[in-house]
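Trainee: only geometry, no sequence info:
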């Protein structure tokens, strides 16, 4: 392994002897290389063993990459023993560290050393149960009862369950923003005991009826929080937020454990410090490790929905020795010039980047106003025709809502793509949901909805006309529907043939499906039904087949689960918006265009980046607002005259818009050679309009390439 050449900035980080060092690392500045060099210096020059160097990364993938680089570098320097220790040493995510800390000190922590980590589906199940228990047990508390009456009156015409659905969604929102902060439900209870006390706390008019409703909502949320923690404790099964809380309590409240940690670890290195939440900062501060270095970039802080608090990193740069890494090794000079020019207009404290590349990059602005999938296909084809492999191209979105049909559009012109990340991801895919319906229909003879869904799915493929013909609103059970299927008349010939094929495998399988596991049922369905052939013939069929195989593998991993239980797990995981990505559809990642959320792309780089949807948070803040710094909750059920809510709303909208700009910064700085952006003189809204204005894209003498796209890919550089 060749000797690593560091820039003067990077070398100053490695050589620093400051006990508390903060590094502001610009996009593409080689921070991982610098972290590795610092780590190796602690081993080779400072005499530290790798098991004394606690290294915290944001993801498991980043931890694996760091471990590999450290090991290779130590081997290259002849440090074989140290390399072997580093292989199993504490280079890990913060949640893995919390897990290890609690297991090694389980007696002091008061927990079972064999506790489990909760998955998203079980977490949602326990949270829903805690909510229902809270409504049942606390529903007669005056302010809770008042809130329920108000919601019931407003949602009277939306049907049964509307009130509970609305209240549960609000409670989820409150808990998502407060769990992971330094607040606890016990601490917050007193704030919401009375409307008068809350009015004094927030400076509101005590006559505002929203104070009572806010107290009622907070009381429900805190009750759910308490019962959720009790359920986790009873099961000895914890989610990540609970892991963090218990780790902090252990270190803060048990001096012996804290001292043992300080003897065990002499160095702590923390990557992506801008994305730490308040609880994680509290844990690092409480450890008080001898040598401490945090690396991050406030300009790339995009995880506020996980309580990331980049202001703490900024504050730390003001309190500790700080070194800046400004050189960008990733992007071509032309891309850096554009990004710098744009963000100088927006951020008064913007940290410009220094281009290392000599040039040769391309920035293209494809003129368009509204979101247009055909235009995106043109952009991909243009990059392909320029000689880029499909795997070189990444299409980045703020969220996946607009992207779900893009793989079909690309497949129609022979371009394979793969979606990675986003709330509409693996468990939300139609073919995955189809299989969950299939499992329920086969195993549960009372589930009529699942049977209808199965009949419409590729496993059977009945037309919508046939479904309508078979439907009978007076008979709403599966047995009645099965009888109608046997007696079906008047169906189109094609539908009748599909129905007969369906009977050939469904009836025999249903007789014994309740005695099979989920993976056995799926195996039988794939063997007997035309499901695999049908999805293979659809646009992007290779991806659908890969995802279907992946579901079978997940069912095999859960080999004890029956079909109904496994289907429930799939639905709960989908509702919890699990970020599971598509299964690889091809062996070589260079064979598929990557369609990703910007959040999923953070930390990655691509030769070509297409930014097709220049979002901006134009939606006003509404509903329940939560300030994670103070723990204050405020709602505006009764509109009019609430100055406190109006002030909250303005502050939240400003915060959200600022994060949107940081998300855009992350998207644009993923590109290495070619950046293709949907913005131009026609732009009327969002960041597309702001970019066009700041960069002069509507002017004839602009320095930037503006592509006038047509269906024939004709272009006109101005």
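Mentor: Cool, got the structure. All values reported here derive from a predicted model rather than from experimental measurement.
Trainee: all contacts plus neighbour counts: C-alpha atoms, from now on.
Mentor: OK.
Trainee: got the end-to-end distance for stretch 198-212?
Mentor: End-to-end distance for stretch 198-212, by C-alpha to C-alpha, to the nearest Å: 9 Å.
Trainee: Over to stretch 249-259?
Mentor: From its first residue to its last, stretch 249-259 covers 14 Å (C-alpha to C-alpha).
Trainee: Out of the helices and strands in the chain, which is least certain?
Mentor: For the chain, counting by mean pLDDT, DSSP states H and E, helix 478-486 ranks last in confidence among helices and strands (a mean of 62).
Trainee: Could you point out the helix or strand that follows that one?
Mentor: Using DSSP states H and E, the helix or strand that follows helix 478-486 in sequence is helix 493-512.
Trainee: pull the longest strand from this protein.
Mentor: As assigned by DSSP state E, the longest strand anywhere in the chain is strand 671-678.
Trainee: what's the distance between that one and the middle of its chain?
Mentor: Here strand 671-678 is found 23 Å from its chain centre; the criterion is C-alpha atoms, centre = their mean, to the nearest Å.
Trainee: now for it, which elements pack on it?
Mentor: Secondary-structure packing of strand 671-678 (3 or more C-alpha pairs under 8 Å, 6 or more residues apart in numbering; DSSP states H and E): helix 333-344, strand 362-366, strand 606-611.
Trainee: Kindly calculate the angle that it makes with strand 606-611.
Mentor: If you take axes from the mean of the first three to the mean of the last three C-alpha atoms, to 10 degrees, strand 671-678 sits at 20 degrees to strand 606-611.
Trainee: got the angle between strand 671-678 and strand 362-366?
Mentor: 10 degrees.
Trainee: Only the buried residues of the helix or strand following strand 671-678, if you could.
Mentor: Next in sequence after strand 671-678, counting helices and strands by DSSP H and E, comes helix 686-695. Using 16 or more other C-alpha atoms under 10 Å as the test for burial, helix 686-695 gives 686-693, 695.
Trainee: before we move on, the earlier item: average pLDDT across the longest strand of the chain?
Mentor: Strand 671-678 shows a mean pLDDT of 94.
Trainee: Check stretch 314-331 too.
Mentor: Mean predicted confidence for stretch 314-331 is 94.
Trainee: Also stretch 518-529?
Mentor: Rounded mean pLDDT across stretch 518-529 is 87.
Trainee: how close does residue 305 sit to residue 120?
Mentor: From residue 305 across to residue 120, the span is 16 Å (C-alpha to C-alpha).
Trainee: right, I mislabeled it, should have said residue 131
Mentor: Here the criterion is C-alpha to C-alpha. By it, residue 131 lies 16 Å from residue 120.
Trainee: the more surrounded of these two?
Mentor: Counting neighbours by other C-alpha atoms under 10 Å for residue 131 and for residue 120 shows that residue 131 has the greater number, 24 against 18.
Trainee: Can you list the buried residues in whatever helix or strand that one lives in?
Mentor: According to DSSP H and E, residue 131 maps onto helix 120-138. Residues of helix 120-138 classed as buried: 120-124, 126-128, 130-132, 134-135, 138 (neighbour count, 16+ other C-alpha under 10 Å).
Trainee: Export those residues as TSV, with columns for pLDDT.
Mentor: Shown next, in TSV, are the buried residues of helix 120-138 (pLDDT from 0 to 100):
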residue	pLDDT
120	80
121	79
122	86
123	89
124	86
126	93
127	94
128	92
130	96
131	96
132	94
134	96
135	94
138	92
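Trainee: which residues touch the closest residue in space to residue 192 that isn't next to it in sequence?
Mentor: Excluding its sequence neighbours, the residue lying closest to residue 192 (C-alpha to C-alpha, 6 or more residues apart in numbering) is residue 215, at 4.8 Å. Taking C-alpha atoms under 8 Å, 6 or more residues apart in numbering, we find residue 215 in contact with 143-144, 192-195, 198.
Trainee: same check, this time on residue 377
Mentor: Residue 377 makes contact with 409-410 under the criterion C-alpha under 8 Å, 6+ apart.
Trainee: Might you list the low-confidence residue ranges for the stretch 301-450 of the chain?
Mentor: 368-370, 421-429 (pLDDT under 70).
Trainee: do that again at 90, thanks
Mentor: The model of the stretch 301-450 of the chain has pLDDT under 90 over residues 304-307, 345-349, 351, 355-360, 366-374, 398-405, 407-408, 411-412, 417-450.
Trainee: just the stretch 101-250 of the chain next, same as before
Mentor: Flagging of the stretch 101-250 of the chain using pLDDT under 90 yields the residue ranges 119-125, 139, 149-166, 180-182, 199-211.
Trainee: Next, the nearest residue to residue 119 once chain neighbours are set aside: phi, psi?
Mentor: Nearest residue to residue 119, sequence neighbours excluded (C-alpha to C-alpha, 6+ apart): residue 239, at 7.3 Å. The phi/psi pair for residue 239 (degrees, to the nearest 10) reads phi -90, psi 180.
Trainee: ok, which stretches of the stretch 51-200 of the chain are helices?
Mentor: For the stretch 51-200 of the chain, helices defined by DSSP state H, counting those that start in this stretch occupy the ranges 60-76, 80-88, 94-104, 106-109, 120-138, 142-154, 162-178, 185-188, 195-202.
Trainee: Nearest approach to residue 331 belongs to which of those helices?
Mentor: helix 60-76 (20.4 Å; C-alpha to C-alpha).
Trainee: Now the closest one: buried residues?
Mentor: 62-64, 66-67, 69-75.
Trainee: May I see those organised as CSV, with distance to residue 444 added?
Mentor: Output for the buried residues of helix 60-76, formatted as CSV (distance: C-alpha to C-alpha, whole Å):
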residue, distance to residue 444
62, 43
63, 44
64, 43
66, 48
67, 48
69, 52
70, 53
71, 53
72, 54
73, 57
74, 58
75, 58
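Trainee: Just the closest of these to residue 704, please.
Mentor: Using C-alpha to C-alpha, the buried residues of helix 60-76 come closest to residue 704 at residue 62, 35.1 Å.
Trainee: Tell me which two of the buried residues of helix 60-76 sit farthest apart.
Mentor: Farthest pair in the buried residues of helix 60-76, by C-alpha to C-alpha: 62 and 75, 20.0 Å.
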